[in-house]
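Chemist: when you get a sec, could you give me coordinates for this:
(one chain, ligands or ions: 1)
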Amino acid sequence: MKRIGVLTSGGDAPGMNTAVRAVVRTALAHGLETYGIPEGYAGLLDGRCHELKARDVGDILHRGGTFLQTARCAAMMTDDGPRVAAQRIAEAEIDGIVVIGGDGSLAGALALQKQGVPTVGVPASIDNDIWGTNMSIGVDTALNTIMETVDKLRDTASSHQRAFLIETMGRNCGYLALMAGVVCGAEFSLIPEVDVTLEEIADAVAAAYARGKSHSMILVAEGASLDIRDVAQYLDERKLGYESRITILGHVQRGGTPTAFDRLLATRLGVAAVDALVEGSSGVMTALSGREITRVPLEESVARHRAANLAFHHMTTMLAR
Ligand code: F6P
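Modeler: Next up is the predicted model:
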């Protein structure tokens, strides 16, 4: 193995730059050349890559986003995509690839591996929906962004006796809304994994008002079964004592300087990815298991969905009393 490529793919996540830096510096320590592939699989299919040396990844470990840039690439999910991608890799004389991204990107990594390209995945998605790793890169930073914002919203909610409904990201996985509910002391967290009725939410809000709480905070994952606007309207119609207001957090959750946790996780996962390639272990994803970094077969990770720990759902409502 003489040359490895690295790309970032899918939704960006704070810590991706940190992981790229770790990949490049570890590869150089192993005497390898490293090639950055811009814009994820789109750049790969276009045959675009450029050598990265030590200085090229200087002063980036603290920057959110990804300097390689990223893209969502439907072409990679077609039958022909992985074959063309493997051909481009051969043309560039690259011997192995590190793919940093979420579940869709890791599916592409598995497809590359099946084309005979030694490939290692690094889990990076703020949703924390990747099976096989306790945490993915970007999750801790996103959760802290949500927490800081909800704390600010609580100030104004208390001033006006309002019920605030805050929408977090998480199309299919309610992790961010669920954990934000715990760390922000919310009345309720609405997540895709748990169906609740409008009445149940109203009861929790009514109980908060009856206890004399000056505000009520409800976290809503974007993929929850109830629409945030319908919930707000229902609460206002029930006249529970609070006026409702809605805040959609959106892409602010994807930016910002990575936290110490994410920098450490991204560094460890990036280093482990190059070590795996050098040792001839590919078709795997580097993962956090407890405090250790492990290797999980991509076949397993891609085929399964990381479930949210519903004990936290109960904890939120119990502790809101
Ligand atoms: O997959 C991560 C994620 O942030 C989801 O939580 C969100 O629904 C989606 O990406 C947004 O995608 P885009 O940035 O393409 O609008």
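
Chemist: so where do the helices sit in the stretch 101-250 of the chain?
Modeler: 103-114, 139-160, 175-183, 198-210, 228-238 (DSSP state H, counting those that start in this stretch).

Chemist: packing partners for the last one?
Modeler: Right, helix 228-238. Contacts defined by 3 or more CB pairs under 8 Å, 6 or more residues apart in numbering; DSSP states H and E place helix 228-238 against strand 162-168, helix 198-210, strand 216-221, strand 243-248. (Glycine included, C-beta is placed from N, CA and C.)

Chemist: could you do the second one as well?
Modeler: Secondary-structure packing of helix 139-160 (3+ CB pairs under 8 Å, 6+ apart): strand 162-168, helix 175-183, strand 216-221, strand 243-248, helix 260-278.

Chemist: re earlier: could the helices of the stretch 101-250 of the chain be laid out in CSV, adding distance to Asp12, mean pLDDT and mean neighbour count?
Modeler: Formatted as CSV, those follow (distance: least, CB to CB, whole Å; pLDDT from 0 to 100; neighbours: other CB atoms under 10 Å):
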stretch, distance to Asp12, mean pLDDT, mean neighbour count
helix 103-114, 11, 97, 24
helix 139-160, 11, 98, 19
helix 175-183, 15, 97, 26
helix 198-210, 32, 94, 17
helix 228-238, 24, 97, 16
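
Chemist: residue of the stretch 101-250 of the chain closest to the ligand, please.
Modeler: Using CB to the nearest ligand atom, the closest approach of the stretch 101-250 of the chain to the ligand is made by Met169 at 3.3 Å.

Chemist: on the pLDDT front, check that residue for me.
Modeler: Here the pLDDT value assigned to Met169 is 97.

Chemist: what sits against it?
Modeler: Ile126, Asp127, Ala142, Leu176, Ala221, Glu222, Leu249, Gly250, Gln253, Arg254 (CB atoms under 8 Å, 6 or more residues apart in numbering).

Chemist: cool, Glu91 as well?
Modeler: Gly47.

Chemist: for it, what are phi and psi?
Modeler: Dihedral angles of Glu91 (phi, psi; degrees, to the nearest 10) stand at phi -60, psi -30.

Chemist: one more: Ala186?
Modeler: Torsion angles, degrees, to the nearest 10, at Ala186: phi -80, psi 160.

Chemist: quick revisit: next, format the helices and strands packed on helix 228-238 as a markdown table and append distance to Thr18.
Modeler: Output for those, formatted as a markdown table (distance: least, CB to CB, whole Å):
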| stretch | distance to Thr18 |
| --- | --- |
| strand 162-168 | 23 |
| helix 198-210 | 38 |
| strand 216-221 | 26 |
| strand 243-248 | 28 |
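
Chemist: which one of the ones you listed lies nearest to Leu110?
Modeler: Leu110 lies closest, by CB to CB, to one member of those: strand 216-221, at 26.7 Å.

Chemist: how about the residues of the stretch 201-321 of the chain by the ligand?
Modeler: Residues of the stretch 201-321 of the chain found near the ligand (CB under 6 Å from any ligand atom) are Glu222, Arg254.

Chemist: quick one: low-confidence parts of the stretch 201-321 of the chain?
Modeler: Counting by pLDDT under 70, the stretch 201-321 of the chain contains no low-confidence range.

Chemist: let me know the average pLDDT across whichever strand or helix holds Arg25.
Modeler: Per DSSP states H and E, Arg25 falls inside helix 16-29. Helix 16-29 comes out with an average pLDDT of 98.

Chemist: contacts for that helix, please.
Modeler: With CB under 8 Å, 6+ apart as the criterion, helix 16-29 contacts 4, 6, 8, 33-34, 36, 52-54, 56-57, 60-68, 70, 98, 100, 122, 124, 137-138, 258, 262-263, 266-271, 273-275.

Chemist: thinking again about what came up before, by neighbours, which of the contacts of Met169 wins?
Modeler: Ala142 (32 neighbours; other CB atoms under 10 Å).

Chemist: tell me how far it lies from Arg254.
Modeler: Using CB to CB, to the nearest Å, Ala142 is found at 7 Å from Arg254.

Chemist: shared neighbours of these two, which are they?
Modeler: Contacts common to Ala142 and Arg254, judged by CB under 8 Å, 6+ apart, are Ala13, Pro14, Ile126, Met169.

Chemist: quick one, what contacts the second one?
Modeler: Contact criterion CB under 8 Å, 6+ apart gives 64-65, 126, 137-138, 141-142, 254-259, 262 as the residues in contact with Pro14.
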